[in-house]
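>>> Sequence first, predicted coordinates after that:
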Amino acid sequence: MSGTKNLGNAKLTFNDTSIELPVFEGSEGEKAVDIRTLRKETGMITYDPGFVNTGCCKSDITFIDGEQGVLRYRGYDINELAEKCEFIDVAYLLVHGALPNKEQHDAFSVQLNHHSLLHEDMRHFFDAYPEHAHPMAMLSAMVVSLSTFYPELEDVSIQENIDYKVTRLLSKLRTAAAFSYKKSIGHPIVYPKRTLKYCENFLNMMFWTPVNDYQVDPVMTKALNKLLILHADHEQNCSASVVKMVAGTGANLYASISAGICALWGPLHGGANQHVIEMLQSIMNNYNGDVKRVIERAKSKENPFRIMGVGHRVYKSYDPRAKVAKQMCKDVLAKLGTSDALLDLAQELEEAVLADDYFASRGLYPNIDFYTGLTYRAMDIPTNMFTVMFAIGRVPGWIAQWLEMRDDPDSRIGRPRQIYTGPVHRSMN
Ligand code: ACO
């Protein structure tokens, strides 16, 4: 790690007791108070529901400035990466710390193809799910099942085992994602092809059918590469923290990533991309496209409704990923020569959000999920697959976070504390 700078001590005083707590700064000027000795020295803990103020690690991977709307992976700006790289370059960057050169890129691509098949016994698992099972449930189950097929690589201190695990996971998760979609619509699965690169291969597995000899469109491949890059990492978000929480117990990588997929599924996290489209459809059908009524509903304290795809724990300005996704959605539609009434509605809703003080005063702006779903929709990817797409993109970030945690001497099993507020000791007599 690039290291931190010591800034001296902070003093905490309560009644007659004072303690000194070290303060340090990261490479982009973020400051932290190190409270590791707090409970031992004072008997007190911190109270921070949702970990809003709690740093759980030092990390070299991703930098976010939520106030300025900045996102960088390993120092590179998200816009530059989305413009100039393929998704597998960014996956390599996150996992290995540097962008691949041509040879490394080609070798990685070959390895990803090499590992792309699922064990045939796993293929049969898909047959046992009910019709219309959600692909996220199948994906999570398939990923944890990988640990039953590849238990021989448990020793994660061996770099070769790690490389195998990483490429296997990236490649097979994508295959399992496409199979889960085929299962959910009752179509025969399509095997990965050696001749196709990572994103093309996925699109082919999704859209080729025995009655439609699908040809992968380079516009779609480019859009998919960009979208997956936007999703690739977001430092200590909920799903990454879940991956690390599970991994911190010593559970294997597949089990940890499977748990992360479940966390990502929730509508307040990655599941929001599916809910954005459902919300826009509902505004169209039930509100006659009247965004003002929807805004009033979201602002009402009596109503738990929230505008999906708006607001973020870290970004208090426009999410930089939403900007890229919005432009990409327009580009894809333009290249296809089509339009989408839901995109027009989304832009109207965005304008209403940006103009309303309720949202501005709370730092609520469109997040990544606001426009990515519309782009997936333009690419013919069905709504129930949106969060799966997010998961495919996020895997390299989860893996990078997991590897960093493995090598971090400060890392410990995660175990928050609580303030008990229940009955004091009582007897049954
Ligand atoms: N619509 C209306 N009001 C909102 C919204 C929204 N989408 N989001 C937050 N608020 C309001 C809250 O009601 C609260 O108002 P109050 O201060 O008057 O009580 C205030 O803004 C702060 O909200 P919190 O829930 O405290 O903010 P938090 O940081 O905990 O939540 C979250 C962030 C979960 C993303 C929230 O903004 C939300 O629910 N957004 C909609 C779901 C969504 O888009 N999730 C995807 C996030 S991106 C991702 O995970 C990939």
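Ah, there it is. Residues are numbered from 1 along each chain as shown.
>>> per-residue confidence for the residue of the stretch 201-350 of the chain found nearest the ligand?
Closest contact between the stretch 201-350 of the chain and the ligand, by CB to the nearest ligand atom, is at G311 (2.2 Å). Bear in mind the C-beta positions are built from the backbone N, C-alpha and C, glycine included. At G311, the pLDDT value in this model is 95.
>>> Provide a list of residues in contact with it.
Counting by CB atoms under 8 Å, 6 or more residues apart in numbering, G311 makes contact with 362, 364-365, 367.
>>> ChimeraX command for the buried members of those?
Typed into ChimeraX, the line below selects the buried ones among the contacts of G311, using 16 or more other CB atoms under 10 Å:
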select :364,365,367
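>>> got TSV for the contacts of G311, with secondary structure too?
Below are those laid out as TSV (DSSP: H, G, I helix; E, B strand; the rest coil):
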residue	secondary structure
R362	coil
L364	coil
Y365	coil
N367	coil
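>>> of the contacts of G311, list those near the ligand.
Filtering the contacts of G311 for proximity to the ligand by CB under 6 Å from any ligand atom leaves 362, 364, 367.
>>> Reformat the residues you listed as TSV; add pLDDT.
Shown next, in TSV, are the ones next to the ligand among the contacts of G311 (pLDDT from 0 to 100):
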residue	pLDDT
R362	96
L364	96
N367	93
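>>> I figured G186 was touching E131, is that so?
Yes. Checked against CB atoms under 8 Å, the pair G186 and E131 is within contact range at 6.7 Å.
>>> Okay, now the unreliable bits of the stretch 1-150 of the chain?
Along the stretch 1-150 of the chain, segments meeting pLDDT under 70 span 1-2.
>>> So for the biggest helix by length in the chain, what gets flagged as buried?
As assigned by DSSP state H, the longest helix anywhere in the chain is helix 159-184. For helix 159-184, a neighbour-count test (16+ other CB under 10 Å) marks 161-162, 164-184 as buried.
>>> how many neighbours does the residue of the stretch 1-150 of the chain found nearest the ligand have?
Distance from the ligand to each residue of the stretch 1-150 of the chain (CB to the nearest ligand atom) is smallest for G50, at 5.7 Å. Neighbourhood size, G50 [other CB atoms under 10 Å]: 8.
>>> Find the nearest non-adjacent residue to it, please.
Excluding the flanking residues, the one nearest G50 by CB to CB, 6 or more residues apart in numbering is R313, at 7.7 Å.
>>> Then M279?
M308 (4.8 Å).
>>> For the one you found, what are phi and psi?
Phi and psi for M308, reported as degrees, to the nearest 10, are phi -70, psi 140.
>>> so what's it up against?
The contact partners of M308, by CB under 8 Å, 6+ apart, come to 267, 272, 275-276, 278-279, 369-370.
>>> what's the answer for K244, then?
Counted by CB under 8 Å, 6+ apart, K244 has contacts 56-57, 236, 256, 401-402, 405, 414.
>>> Tell me which helix or strand it sits in.
Take DSSP states H and E as the rule and K244 turns out to sit in helix 238-247.
>>> what about that helix, distance to the chain center?
11 Å (CA atoms, centre = their mean, to the nearest Å).
>>> ok, it near the ligand or not?
No. Helix 238-247 stays clear of the ligand (CB under 6 Å from any ligand atom), getting no nearer than 6.8 Å.
>>> as a whole number, average confidence for that helix?
Helix 238-247 comes out at a mean pLDDT of 98.
>>> could you point out which element follows that helix?
Scanning forward in sequence from helix 238-247 by DSSP H and E, the next helix or strand is helix 253-265.
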